[in-house]
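Student: This is a predicted model, with the sequence first.
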Amino acid sequence: MNKKIIIRTLEEIALHMELLGENPFKVGAFRKAAGVLEQDPRSLAEMDDILSLKGIGKGTGAVITDLMEKGESDLLAELREEVPDGLIPLLKIPGLGGKKIAKLHQELGIDSAGSLKAACEDGRVSQLPGFGKKTEEKILAELETFGRRPDKLPHWELESVVRLVETALLAIPEAERFLVTGSYRRMAEMSSDLDFIVVTESPERVTEGLMNSLPVLETIGSGDAKLSVTIDAENPVDADFRFVAEEQFASAIHHFTGAKEHNVRLRQLAKERGEKISEYGVEQEDGTVLTFNSEEEFFAHFDLPFFPPAVRKDGREFGRTEELKGLIRPEDIRSDLHMHTVWSDGAESVREMAEACRERGYSHIVITDHSRYLRVANGLTPERLREQIREVREVDAEMDGITVLCGTEMDILPDATLDFDDGLLSELDFVIASIHSNFNQPREKIMERLHAAISNPHVDMIAHPTGRIIGRREGYSPDLEQLIEWAAQYGKILELNANPYRLDMAEEWLELAQKKGVPIAINTDAHSVGQLGYMETGVRYAQRAWLNRDLIVNTWSLERFLGHLKG
DNA sequence: GCCGTTTTCGGCCCGACTGTTTTCAGTCG
């Protein structure tokens, strides 16, 4: 029995109970138990007494024991008898929750999207108490697009919608100040919607301005305190706007940044002190409400340090305040070790990239164009690479204030050989190896390729270790645990590719790499000057994995970096 | 269903909006 099955079973039980109209706290207890198991880093075998875990008691414990002993849960089997499976997807229809679906099932015998549609068309739904004509029409409309819209969209796709909204807000004079919050601000890979906090004294004018300038497909809700709309984009994007007064801004952005469990935990903490947190401030026992000038002040009120949005997760962060001191920050970054120029598929020259990096305050960079195998990217032949080395050395000699190093992003070929020979590699300051081809080879072959690269004494770093594109493709599915082991063994660097499409390697692997003491480089892989700005995204993502700045190669001075390369 | 150096019962974060009501339940985040 593996942990994943137990987690899924507990969640499934919660869903079924929700559909029976069960007490929400009971439903929540099963969800919480699933969450507790998921957050526990240990495997099932390593947990000797699951029942002692906080959040797991008699009821949820019985489910787990059942699963371990019999491979199935009696409780879930019973629930399945009562709740048709076809009801579960209906929970995704906006406006329908457990209680309403339970009623539809009990009163009208609804057991699927199909029978719900028929009941709406016959007008039977609007006859039920608590339901009306509008609800019926809305359900019908939702059923039309049912299942065709993705639940969540990747951060990179939402980015352009955020820019669109920000531009609209900037043009509305009554919108005095605003910030995108929610899981997007926490640097989640995927988010289901966008949440904006807007400071204004005139919510109606801001609403009007937004409705006039944004491509709104649908207004989900609109009031004095909030506006909810669906924005027309490549995929439709739901956006919430919350209108607050200036003094409420800090509390509001904290509240809407979440994550939910982070907020719950903090509210419990406040409650123990006789205070009550809301999105508008902190209510004292005498009923007065304290407000704050910043999130820093807000946290300080509870004797807590500032938690960057990326680490606000399940509440366990409150026990890791010591680690915050060394947490990587954008201002710690002194170099970028992976970027492209016009020599291969980049948009700018060596000098232009170097100048842009100097402006960013970096002390050193490495120019790393593609190698010859990658023809579509105009990869460099050995001859062209030697020419480029001469140019890079020239630029470096001519430029003050930044050191420009020679490197390559060399392909690891499908047959597990490398694109350049050792002689040529030894002329370079920094060698990146990466896979750009034959993603669907069996894992053994992929690992053979990665081993060939990481064990080569001239190779310093493996770039984008999995080749994933968030929300689009899985990559080549390497055995990351093994790769991290090798990196530790051979003393090699692994990359966190900061390109928002990639963010590779992912959070859990960054955590494992840190545990094993493997140095990480956060690199933009920029193909233009503008893309050098991806660094901020990469650093924020690294915060999610609690990376310490000392392990991040590009916070190091040039001397320390070169010293490390020499081994 | 889970939890408790304030509680073994009575809470469980808190508020906005909608639709269906005629004061509020359900849903959502």
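Tutor: Noted; the coordinates are in hand. These numbers were taken from a predicted model, which means no experiment stands behind them. Residues are numbered from 1 along each chain as shown, chains lettered A, B, ... in the order given.
Student: ok, now which ones touch residue A:504?
Tutor: A:464-468, A:475, A:495-497 (Cβ atoms under 8 Å, 6 or more residues apart in numbering). Every residue, glycine included, has its C-beta placed from N, CA and C.
Student: of all the residues you listed, which comes closest to DNA strand B?
Tutor: Set against DNA strand B, the nearest of the contacts of residue A:504 by Cβ to the nearest atom of the strand is residue A:468 (26.6 Å).
Student: For that closest one, give its distance to residue A:18.
Tutor: 33 Å (Cβ to Cβ, to the nearest Å).
Student: do residue A:136 as well
Tutor: Relative to residue A:18, and taking Cβ to Cβ, residue A:136 is found at 22 Å.
Student: higher neighbour count, these two?
Tutor: Taking neighbours as other Cβ atoms under 10 Å, residue A:136 and residue A:18 compare with residue A:18 leading, 24 against 20.
Student: Could you report the neighbour count for the closest residue to DNA strand B within the stretch 51-200 of chain A?
Tutor: Nearest to DNA strand B, among the residues of the stretch 51-200 of chain A, is residue A:132, at 2.0 Å (Cβ to the nearest atom of the strand). Here the number of neighbours of residue A:132 (other Cβ under 10 Å) works out to 13.
Student: The closest residue to it other than its chain neighbours: neighbouring residues, count only.
Tutor: Setting aside the residues directly before and after it, residue A:132 is nearest to residue A:126 in space (Cβ to Cβ, 6 or more residues apart in numbering), at 5.7 Å. Residues lying near residue A:126 (other Cβ under 10 Å) number 16.
Student: who's in contact with residue A:126?
Tutor: A:132-133, A:135-136.
Student: Would you mind measuring from it to residue A:100?
Tutor: 13 Å.
Student: outside of stretch A:483-496, which residues touch it?
Tutor: Contacts of stretch A:483-496 (Cβ under 8 Å, 6+ apart): A:338, A:432, A:447, A:450-451, A:454-455, A:459-465, A:503-505, A:509-510, A:512-513, A:516-523, A:538, A:541-542, A:547, A:553, A:567.
Student: Just the buried residues from these, in PyMOL please.
Tutor: To isolate the buried members of the contacts of stretch A:483-496 in PyMOL, using 16 or more other Cβ atoms under 10 Å:
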select buried, chain A and resi 338+432+447+450+451+454+459+460+461+462+463+464+465+503+504+505+509+510+512+513+518+519+520+521+522+523+538+541+542+547+553
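Student: Which members of the contacts of stretch A:483-496 are positioned in strands?
Tutor: A:432, A:461-462, A:520-523 (DSSP state E).
Student: quick check, nearest of those residues to residue A:230?
Tutor: residue A:522 (34.6 Å; Cβ to Cβ).
Student: Please name the nearest non-neighbouring residue to residue A:11.
Tutor: In space, residue A:11 is closest to residue A:34, 4.9 Å off (Cβ to Cβ, 6+ apart).
Student: ugh, wrong one, I meant residue A:29
Tutor: residue A:60 (6.7 Å).
Student: in a helix, that's where the one you found is, yeah?
Tutor: Yes: judged by DSSP: H, G, I helix; E, B strand; the rest coil, residue A:60 forms part of a helix.
Student: contacting residues around it?
Tutor: Taking Cβ under 8 Å, 6+ apart, one finds A:10, A:29-30, A:33 in contact with residue A:60.
Student: Kindly write the PyMOL command that selects the buried subset of these.
Tutor: Here is the PyMOL selection string for the buried members of the contacts of residue A:60, based on 16+ other Cβ under 10 Å:
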select buried, chain A and resi 10+29+30+33
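Student: Narrow the contacts of residue A:126 to those in strands?
Tutor: Using DSSP E, none of the contacts of residue A:126 sit in strands.
Student: Show me which of those is closest to residue A:479.
Tutor: residue A:135 (50.6 Å).
Student: one step back: pLDDT score for the residue of the stretch 51-200 of chain A closest to DNA strand B?
Tutor: pLDDT recorded at residue A:132 is 88.
Student: Please apply the same query to residue A:111.
Tutor: 89.
Student: for residue A:92, same thing?
Tutor: 85.
Student: quick one: it and residue A:152, what's the gap?
Tutor: Residue A:92 is 12 Å from residue A:152, by Cβ to Cβ.
Student: ok, these two, which is more surrounded?
Tutor: Using other Cβ under 10 Å as the criterion, residue A:92 and residue A:152 rank with residue A:152 on top: 16 against 13.
Student: what packs against the helix or strand hosting residue A:444?
Tutor: Residue A:444 belongs to helix A:443-454 when assigned by DSSP states H and E. Judged by 3 or more Cβ pairs under 8 Å, 6 or more residues apart in numbering; DSSP states H and E, helix A:443-454 is in contact with strand A:461-462, helix A:480-490.
Student: before we move on, the earlier item: just the ones of the contacts of residue A:126 in helices?
Tutor: Taking DSSP state H, the ones among the contacts of residue A:126 that sit in helices are A:133, A:135-136.
Student: Would it be right to say that residue A:373 lies in a helix?
Tutor: No: using three-state DSSP, the assignment for residue A:373 is coil, not a helix.
Student: Help me confirm that it comes into contact with residue A:379.
Tutor: Yes: counting by Cβ atoms under 8 Å, residue A:373 does reach residue A:379; the two are 6.0 Å apart.
Student: got any residues that touch both of those two?
Tutor: A:411, A:419.
Student: More neighbours: which of those two?
Tutor: residue A:379 (23 against 18).
Student: which stretches of the stretch 151-300 of chain A form helices?
Tutor: A:155-170, A:182-185, A:203-213, A:249-257, A:260-272, A:295-301 (DSSP state H, counting those that start in this stretch).
Student: Would you reformat those as JSON lines and include mean neighbour count and mean pLDDT?
Tutor: Output for these, formatted as JSON lines (neighbours: other Cβ atoms under 10 Å; pLDDT from 0 to 100):
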{"stretch": "helix A:155-170", "mean neighbour count": "18", "mean pLDDT": "95"}
{"stretch": "helix A:182-185", "mean neighbour count": "23", "mean pLDDT": "94"}
{"stretch": "helix A:203-213", "mean neighbour count": "17", "mean pLDDT": "94"}
{"stretch": "helix A:249-257", "mean neighbour count": "23", "mean pLDDT": "94"}
{"stretch": "helix A:260-272", "mean neighbour count": "15", "mean pLDDT": "86"}
{"stretch": "helix A:295-301", "mean neighbour count": "16", "mean pLDDT": "93"}
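Student: Surely residue A:534 is in contact with residue A:524?
Tutor: Yes: with contacts defined as Cβ under 8 Å, residue A:534 counts as touching residue A:524 at a distance of 4.2 Å.
Student: Let me see the contact set for residue A:89.
Tutor: A:113, A:146-147.
Student: Next one: it, what pLDDT does it get?
Tutor: 87.
Student: Distance check, it against residue A:13.
Tutor: Distance check for residue A:89 against residue A:13: by Cβ to Cβ, it reads 17 Å.
Student: what about residue A:16, which helix or strand?
Tutor: helix A:3-19.
Student: Just give the number of residues close to residue A:104.
Tutor: Residue A:104: 25 neighbours (other Cβ under 10 Å).
Student: Can you name the residues that contact the residue lying closest to it once chain neighbours are set aside?
Tutor: With Cβ to Cβ, 6+ apart as the criterion, residue A:104 has its nearest non-adjacent residue at 4.2 Å, and that residue is residue A:110. Neighbouring residues of residue A:110 by Cβ under 8 Å, 6+ apart: A:87, A:90, A:101, A:104, A:116, A:119.
Student: Can you lay out the residues you listed as TSV showing secondary structure and distance to residue A:78?
Tutor: Formatted as TSV, the contacts of residue A:110 follow (DSSP: H, G, I helix; E, B strand; the rest coil; distance: Cβ to Cβ, whole Å):
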residue	secondary structure	distance to residue A:78
A:87	helix	16
A:90	helix	21
A:101	helix	19
A:104	helix	21
A:116	helix	24
A:119	helix	26
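Student: show me which of these neighbour DNA strand B.
Tutor: residue A:101 (Cβ under 7 Å from any atom of the strand).
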